[in-house]
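In: Please find the sequence and the predicted model below.
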Amino acid sequence: MGIKAYFKNTSFSGQLAIAFFVFLSTNILIAPFMLLAGKDATSLRLMMFISQLGTFVFSSFFLAYLFSDNALTYLKFRSGISWKVAIYIVLSMIVVLPFLNFTVWVNEAMKLPEWMKPLEEWMVEAEKMAKELTDSILISKNWFDLVQNLIVVALMAALGEELLFRGVLQNVFEKKIRNQHIIIWTVAILFSAIHLQFYGFIPRMLMGAYFGYLLYYTRSIWAPILAHLTNNAFVILVTYKYPENSGRTDFDTIGIGQYWWIALISLIFWAFFMLKIVKFRRFYVNT
């Protein structure tokens, strides 16, 4: 007896435990390779590529194989999106950036109670280390570096994380929860939490929720992948254009502080494109 769809009828808690075990196991298997990575940007990108491929992409397809009769259908990998929806998704991710800047600003202003100060100090230090690692990868000295970043940081990260969180976990939570809004926001919280970056928790959670709704309305995993890819690629391109900026770029300050009204306009434009995407729901449901 094969293992295909072996856990298809397993309970929610059982499938969630299996998903965690597979995710943890791939991380453990990949860990030795990560320890051998050099400190240069190229080595870090290679290790990130291996990590995304194993921990997220492989885990997602393997779990879909265990949980369903057809992995590609389970992950909504076969369903495509129209070119109009693709354009709306890209535009929505661009116009929403000032609003996301605002949420980052709000998130960074949050302070924990005094009795949690040791935890806050640990989070600040972890955030600093994560930023240093990210900066060392994103700094592109030439076109070859830029292409590597677009493949590894933009494409592979978007593909792997969306397959696992939206493709697998939203399916798993459907076994327990009927309300799609609760499912989408629960997975979005997990999506943000796994990055272990407290001061980016709110914007990452909001993006995760948006990715979840894109999957819900389009019935295609390619919709959240495209949105995630657009966001990551934009950051990479801005970093390539302004490599000398160690803090916020001028663009990162749009929508924060006294310019909160720009964030509001940004949110309105995002809602406009989201409604355009939702209009296609009947088409996707019928097909």
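Out: Arrived safely, thanks for sending. This is a predicted model, so every value here is computed, not measured.
In: I figured residue 82 hits residue 279, correct?
Out: No. Assessed by CB atoms under 8 Å, residue 82 is found out of contact with residue 279, at 11.1 Å. For glycine as for every other residue, the C-beta is placed from the backbone atoms N, C-alpha and C.
In: which residues touch residue 89?
Out: Residues near residue 89 by CB atoms under 8 Å, 6 or more residues apart in numbering: 81, 214, 223, 226-227, 230, 273, 277.
In: Using TSV, lay out those together with secondary structure and neighbour count.
Out: Shown next, in TSV, are the contacts of residue 89 (DSSP: H, G, I helix; E, B strand; the rest coil; neighbours: other CB atoms under 10 Å):
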residue	secondary structure	neighbour count
81	coil	21
214	helix	29
223	helix	29
226	helix	22
227	helix	25
230	helix	19
273	helix	20
277	helix	22
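In: and these as TSV, adding pLDDT?
Out: Shown next, in TSV, are the contacts of residue 89 (pLDDT from 0 to 100):
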residue	pLDDT
81	92
214	97
223	97
226	97
227	97
230	97
273	96
277	94
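In: Can I get those in a markdown table including distance to residue 164?
Out: Listed next are the contacts of residue 89 as a markdown table, based on distance: CB to CB, whole Å:
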| residue | distance to residue 164 |
| --- | --- |
| 81 | 20 |
| 214 | 16 |
| 223 | 16 |
| 226 | 17 |
| 227 | 16 |
| 230 | 19 |
| 273 | 26 |
| 277 | 23 |
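In: Low-confidence stretches in this structure?
Out: Within the chain, the stretches with pLDDT under 70 are 1, 36-38, 243-251, 281-287.
In: which residue sits closest to residue 257 in space, ignoring its chain neighbours?
Out: Residue nearest to residue 257 in three dimensions, not counting chain neighbours: residue 105, with 7.0 Å by CB to CB, 6 or more residues apart in numbering.
In: my guess is the one you found contacts residue 254, does it?
Out: No. Here residue 105 does not reach residue 254: they are 10.7 Å apart, not a contact under CB under 8 Å.
In: Return the distance of residue 150 relative to residue 91.
Out: Residue 150 is 19 Å from residue 91, where distance means CB to CB, to the nearest Å.
In: Distance check, the nearest residue to residue 44 once chain neighbours are set aside against residue 152.
Out: Nearest in space to residue 44, with sequence neighbours left out and distances taken as CB to CB, 6+ apart, is residue 137 at 5.2 Å. Remark: distance between residue 137 and residue 152 (CB to CB) = 8 Å.
In: Give me the common contacts of these two.
Out: The contact lists of residue 137 and residue 152 share 45, 48, where a contact means CB under 8 Å, 6+ apart.
In: picking that back up, quick check: buried residues in the strand or helix carrying the residue nearest to residue 257?
Out: Under the criterion of DSSP states H and E, residue 105 resides in helix 97-109. Using 16 or more other CB atoms under 10 Å as the burial criterion, the residues of helix 97-109 that qualify are 97-105, 107.
In: same check, this time on stretch 261-270
Out: Across stretch 261-270, burial judged by 16+ other CB under 10 Å covers 262-263, 266-267, 269-270.
In: and the two most separated of the residues you listed?
Out: In those, two members sit farther apart than any others by CB to CB. They are 262 and 270, at 12.6 Å.
In: nearest spatial neighbour of residue 165, skipping sequence neighbours?
Out: residue 191 (4.7 Å).
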